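# Next comes the sequence, and after it the predicted model I'd like to discuss.
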Amino acid sequence: MPLNSVSALIRSFTLVLTLFLSFDIARAAEAPRPNILVILADDLGYSDLGCYGGEIQTPNLDRLATNGLKFTQFYNTARCWPSRGALLSGYYPQQINRDPAKNRPAWAILLPELLAPAGYQSYHSGKWHVDGPVLATGFKRSYEAIDHDRNFTPKNQRLDDQPIGPPKPDEKYYSTTAITTHALDWLAEHKKNHPRDPFFLYLAYTVPHFPLQAPAEDIARYRGKFRAGWDILREERWKRLSKAGIVHTPLSPRAKEIPAWDSLSESEKEDWEWRMAIHAAMVDRMDQEIGRVLDQLKKDGKLDDTLILFCSDNGASAEKLNRGNKNDPSAPPGSARSYLCLEPAWASLANSPFRKSKIFTHEGGISTPLIVHWPKGIEAKGELRTTPAHLIDFVPTFLELAGVRPPNEAHGEKRPPLAGKSLVPIFAKDETIPRDFLYFHHEGNRGLRIGDWKIVASGPKSDWELYDLKVDRAESNNLADQYPERVKEMAAIWQRQDKEYRRQGGAKEH
């Protein structure tokens, strides 16, 4: 072949290759980066939502589940601030020193800073409970509901990290509505100022965290709904969960400290019933407000290309507290002057079919519903995802979808590898995500899950318990005496990782 013909052929090949690569690069640049909306409930039980077996009316969340995915084995860290740190950083809380009185290492940057290279604009509304000012972490706008003891009359609020004082009486303030209204304001501003950029909206509600307070009209709809009591209702929830394929486990027995419902007097039943009615009303109102956000996204043409994830920071709370303005026994239950908690009895219903509650690392404390909705990115509708997953998986999931690699260092400090795994592969089909373990530790309560095996202990001096979660996720049959070597091996792994994680973050033992 003549030399000029060879040169022409090479030029032609080079041109085709250049065009192909240019097209591929352009296509990659134009690859859809979904908007991201994370909705976090506070102290919501595993089976509270209608789509997870509960009696509470949650049509908006149910609709997301029907048109998306429901995770059956999704985990949190058992408490408010550790869960928020894990969700926003991609690390276990011990790795980033997530203690209320401590600060994160400089390398432990949060989602807004991680997503910024992909052009994301980030917004926050609701509970923060992470160290430092909100805007310093990369959020563009923030409404912070600081006062968690007063849903109607908060004494402390912040707008863009600046105090704005208590609401005026004529505002008819309710925390859930206010959090939603500010989130809608941020969406409107984003549409106006950044129409071509994707957004990350972190919508962190403060309900159904104590005190049990809700609008009177919402409470009225649930009066009498829980008259059957926690024993019967726990079993009914378990049956609905089993029928839907969400759980495959016997129901955990009633805890010793909880009286049988039938042993109570009529007046005692009346007093107790109020509490669950208010709890339900708080969840109902949250669902109504989520509906406002979904309606706005649909109106803006953003709903189909927004990845929405809904979950809870921990299980329902069994705490017995009387804080804030203190409880006024003469006030209508659920009003601004009342201060009631679920306590262990109703928490056992909210967390049905599991054992224990918030703070503990048994399944009732660390299990959360997770709903994932993204019409443009997930073809499956109404399917279950059974692989175990955790809040630490949010960051790697979002970074993969945004086309961003996790940085090896930040602010001059080297970063450990992310603790979580991307959930993107199981958006398409239910399959196992390979991981060595899932680790849990809060206030001396400990846990480690490897495959279907889990060791767990309540308190720093308690012996390890062992459960096969494939058949006993309710943790009713302790197998530690039957498999002492397995317990020993798993305990050694937990000890090693706990030491390493606390070394990374400089955190004291929780």
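That came through, no problem. What you see is a predicted model; the values in this text were computed from it and never measured.
# Any regions of the stretch 51-200 of the chain where pLDDT drops low?
99-101 (pLDDT under 70).
# can you pull out the strands in it?
Here the stretch 51-200 of the chain has its strands, by DSSP state E, counting those that start in this stretch, at 69-75, 121-126, 141-145, 157-159, 162-163, 199-204.
# before we move on, what about the stretch 401-510 of the chain?
Using DSSP E, counting those that start in this stretch, the strands of the stretch 401-510 of the chain run over residues 409-410, 413-414, 438-442, 445-450, 453-457, 465-468.
# could you dump those to TSV with mean pLDDT?
As requested, the strands of the stretch 401-510 of the chain are exported to TSV (pLDDT from 0 to 100):
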stretch	mean pLDDT
strand 409-410	96
strand 413-414	96
strand 438-442	97
strand 445-450	98
strand 453-457	98
strand 465-468	98
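# Could you export the ones you listed as JSON lines, including mean neighbour count?
Glycine gets a C-beta too; all of them are placed from N, C-alpha and C. Output for the strands of the stretch 401-510 of the chain, formatted as JSON lines (neighbours: other Cβ atoms under 10 Å):
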{"stretch": "strand 409-410", "mean neighbour count": "13"}
{"stretch": "strand 413-414", "mean neighbour count": "10"}
{"stretch": "strand 438-442", "mean neighbour count": "24"}
{"stretch": "strand 445-450", "mean neighbour count": "22"}
{"stretch": "strand 453-457", "mean neighbour count": "23"}
{"stretch": "strand 465-468", "mean neighbour count": "20"}
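# Mind checking these for the one nearest to Tyr174?
Evaluated with Cβ to Cβ, the strands of the stretch 401-510 of the chain place strand 438-442 nearest to Tyr174, the distance being 30.0 Å.
# what's in contact with that closest one?
Strand 438-442 has contacts (Cβ atoms under 8 Å, 6 or more residues apart in numbering) with 75, 77-79, 82, 92-94, 359, 361, 366, 388, 390, 446-449, 456, 494, 497-498, 501, 509-510.
# ditto for stretch 419-428
Counting by Cβ under 8 Å, 6+ apart, 69, 90-92, 95, 372, 374, 377-380, 385, 387, 389-397, 399-401, 431, 433-435 sit against stretch 419-428.
# and the residues you listed, which are buried?
Among the contacts of stretch 419-428, those scoring as buried are 69, 90-92, 95, 372, 374, 377-378, 380, 385, 387, 389-397, 399, 401, 433, 435 (criterion: 16 or more other Cβ atoms under 10 Å).
# where's Pro198 relative to Leu340, distance?
According to Cβ to Cβ, to the nearest Å, Pro198 and Leu340 sit 41 Å apart.
# between those two, who's got more neighbours?
Pro198 (23 against 20; other Cβ atoms under 10 Å).
# Specify the beta-bridge partners of the spatially closest residue to Trp107 that is not a sequence neighbour.
Of all residues not flanking Trp107 in the chain, Glu413 sits nearest, at 3.9 Å (Cβ to Cβ, 6 or more residues apart in numbering). Taking DSSP bridges, one obtains Ala410 as the residues bridged to Glu413.
# quick one on the thing from earlier: of the contacts of strand 438-442, buried ones?
Among the contacts of strand 438-442, those classed as buried by 16+ other Cβ under 10 Å are 75, 77-79, 82, 92-94, 359, 361, 366, 388, 390, 446-449, 456, 494, 497-498, 501, 510.
# show me the contacts for the residue lying closest to Val471 once chain neighbours are set aside.
Excluding the flanking residues, the one nearest Val471 by Cβ to Cβ, 6+ apart is Thr249, at 6.9 Å. If you count contacts by Cβ under 8 Å, 6+ apart, Thr249 has them with Pro353, Leu469, Val471, Asp472, Arg473, Ala474.
# Now flag whichever of these is closest to Arg275.
Pro353 (20.4 Å).
# Next one: that closest one relative to Leu87, how far apart?
25 Å.
# for Gln296, same thing?
Distance of Gln296 to Leu87, computed by Cβ to Cβ: 23 Å.
# Between those two, which is the more surrounded one?
More crowded of Gln296 and Leu87, by other Cβ under 10 Å: Leu87, with 27 against 17.
# surely that one meets Ile39?
No: contact between Leu87 and Ile39 fails when scored by Cβ atoms under 8 Å: they sit 11.4 Å apart.
# Strand 199-204 and the longest helix along the chain, what's the angle between them?
Criterion DSSP state H: the longest helix present in the chain is helix 266-299. Between helix 266-299 and strand 199-204, the angle comes out at 170 degrees (axes from the mean of the first three to the mean of the last three Cα atoms, to 10 degrees).
# Find the nearest non-adjacent residue to Leu264, please.
Trp272 (7.0 Å).
# Tell me, how many residues neighbour that neighbour?
Using other Cβ under 10 Å, Trp272 has 21 neighbouring residues.
# For it, give me its contacts.
If you count contacts by Cβ under 8 Å, 6+ apart, then Trp272 has Leu264, Ala345, Trp346 around it.
# Most neighbours among the residues you listed, please name it.
Counting neighbours by other Cβ under 10 Å, Trp346 leads the contacts of Trp272 with 25 neighbours.
# Narrow the contacts of Thr249 to those that are buried.
Buried members of the contacts of Thr249, scored by 16+ other Cβ under 10 Å, are Pro353, Leu469, Asp472, Arg473, Ala474.
# Give me the below-cutoff pLDDT ranges for the stretch 401-510 of the chain.
Where the stretch 401-510 of the chain drops to pLDDT under 70, the residues are 507-510.
# Quick check: the gap between Ile179 and Gln157.
Using Cβ to Cβ, one gets 10 Å for the distance from Ile179 to Gln157.
# Find residues that contact each of those two.
Joint contacts of Ile179 and Gln157 (Cβ under 8 Å, 6+ apart) are Tyr143, Ala145.
# So for these two, which residue has more residues nearby?
Comparing Ile179 with Gln157 by other Cβ under 10 Å, the one with more neighbours is Ile179, at 23 against 20.
# The more buried one against Tyr205, yeah?
Yes: with contact defined as Cβ under 8 Å, Ile179 counts as touching Tyr205 (5.9 Å).
# Give the intersection of the neighbour lists for the two.
By the contact definition Cβ under 8 Å, 6+ apart, Ile179 and Tyr205 are jointly contacted by Gly126, Glu289.
# thinking again about what came up before, residues making contact with the helix or strand just after the longest helix of the chain?
Next in sequence after helix 266-299, counting helices and strands by DSSP states H and E, comes strand 306-312. Residues outside strand 306-312 that contact it (Cβ under 8 Å, 6+ apart): 34-45, 61, 64, 68, 74, 76, 290, 297, 368-374, 377, 391, 394, 398, 401.
# Which of those fall in strands?
Within those, residues falling in strands by DSSP state E are 35-41, 74, 368-373.
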